[in-house]
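Asker: this one's structure only:
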Ligand SMILES: [Fe+2]
Ligand SMILES: [Fe+2]
């Protein structure tokens with residue numbers, strides 16, 4: 001189990017995929033410093049980071065971890081950082097492997113995946129954009145209002161709360177559609193040599209799907225539930 005005295009270097013040694021989580025928090029995965037000093041310096045909630053590391057290491061920890069303990073701001077920060085990583089690193093890498101695979105093996109299913117991936121990418125980018133323009137600013141304003149009680153934040157909350165509640169209801173439906181690509185991948189998985197770009201593409205997609213599972217759990221079952229509770233208390237006291 002990871003402890004506050006573990007270093008990113010040791011943690012990454014046992015799970016190389018974890019370095020992408022460190023990079024989201026601008027932590028050098030080769031560092032010998034312990035997590036405690038790094039998190040103090042960078043003002044990162046160390047317990048949240050350790051819980052995330054444990055889930056990335058072993059997905060079965062996801063349902064055993066109580067992310068409810070963490071603040072709305074910590075949760076939104078992680079979700080924003082992850083969107084940025086998906087858009088600027090993970091998705092371009094996956095797309096590059098798929099493009100190379102199409103050059104390497106001109107099979108019909110590669111073109112099918114290429115088309116499917118373009119639609120998937122467009123959908124996922126628009127999904128992230130909606131969250132960044134509707135959901136996350138609302139969550140941050142709500143968190144600020146609960147501390148500062150400023151009138152302009154109250155106006156913003158009252159004006160936007162119905163749209164946010166509607167969006168949160170729609171979110172689950174949209175997330176279910178993302179699984180379609182995974183089903184298609186399993187159906188057409190080729191039995192070629194293991195070093196093909198298509199194999200690399202499949203591996204990257206499976207890492208990405210695991211990442212999205214953690215992302216969706218924190219977004220939908222933790223953050224959104226917290227916001228709903230905030231809003232129901234809020235209606236009694238403030239409206
Ligand atoms: Fe998201
Ligand atoms: Fe989402």
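Answerer: Yes, it's here. Small disclaimer: the values here were computed from a predicted structure and weren't measured. Ligands and ions are numbered 1, 2, ... in the order given.

Asker: Next up, the contacts around residue 88.
Answerer: If you count contacts by CB atoms under 8 Å, 6 or more residues apart in numbering, residue 88 has none. Any C-beta I mention is one placed from the backbone N, CA and C, and that applies to glycine too.

Asker: Quick check, pLDDT for it.
Answerer: In this prediction, residue 88 carries a pLDDT score of 96.

Asker: Roughly how far does it sit from residue 158?
Answerer: To residue 158, residue 88 is 35 Å away according to CB to CB, to the nearest Å.

Asker: the helices in this protein, which residues?
Answerer: 8-14, 19-24, 35-42, 46-57, 72-85, 91-104, 108-130, 136-148, 151-188, 197-216, 224-238 (DSSP state H).

Asker: got those helices as TSV, with mean pLDDT and mean neighbour count columns?
Answerer: Converted to TSV, the helices of the chain look like this (pLDDT from 0 to 100; neighbours: other CB atoms under 10 Å):
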stretch	mean pLDDT	mean neighbour count
helix 8-14	93	16
helix 19-24	95	19
helix 35-42	97	16
helix 46-57	96	19
helix 72-85	98	19
helix 91-104	89	17
helix 108-130	87	15
helix 136-148	96	17
helix 151-188	80	14
helix 197-216	89	18
helix 224-238	80	14
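
Asker: gap between residue 101 and ligand 1?
Answerer: Between residue 101 and ligand 1 the distance, using CB to the ion, to the nearest Å, works out to 27 Å.

Asker: if I look at the residue nearest to that residue when sequence neighbours are not counted, how far off is ligand 1?
Answerer: Distances taken as CB to CB, 6 or more residues apart in numbering put residue 197 closest to residue 101, at 3.8 Å, once the chain neighbours are dropped. As judged by CB to the ion, residue 197 and ligand 1 stand 28 Å apart.

Asker: Wait, residue 197 touches residue 104, no?
Answerer: Yes - the pair residue 197 / residue 104 is scored as a contact, 5.3 Å apart, by CB atoms under 8 Å.

Asker: Please list the residues of this structure that sit near ligand 1.
Answerer: Contacts of the chain with ligand 1, taken as CB under 5 Å from the ion, map to 131, 219.

Asker: what does the domain assignment say about the chain?
Answerer: 8-64, 70-238 (automatic domain parsing).

Asker: Chain neighbours aside, what residue packs nearest to the residue minimising distance to the centre of the chain?
Answerer: Nearest to the mean C-alpha position of the chain, by CA atoms, centre = their mean, lies residue 215 at 3.4 Å. Distances taken as CB to CB, 6+ apart place residue 82 nearest to residue 215, at 5.4 Å, with adjacent residues excluded.
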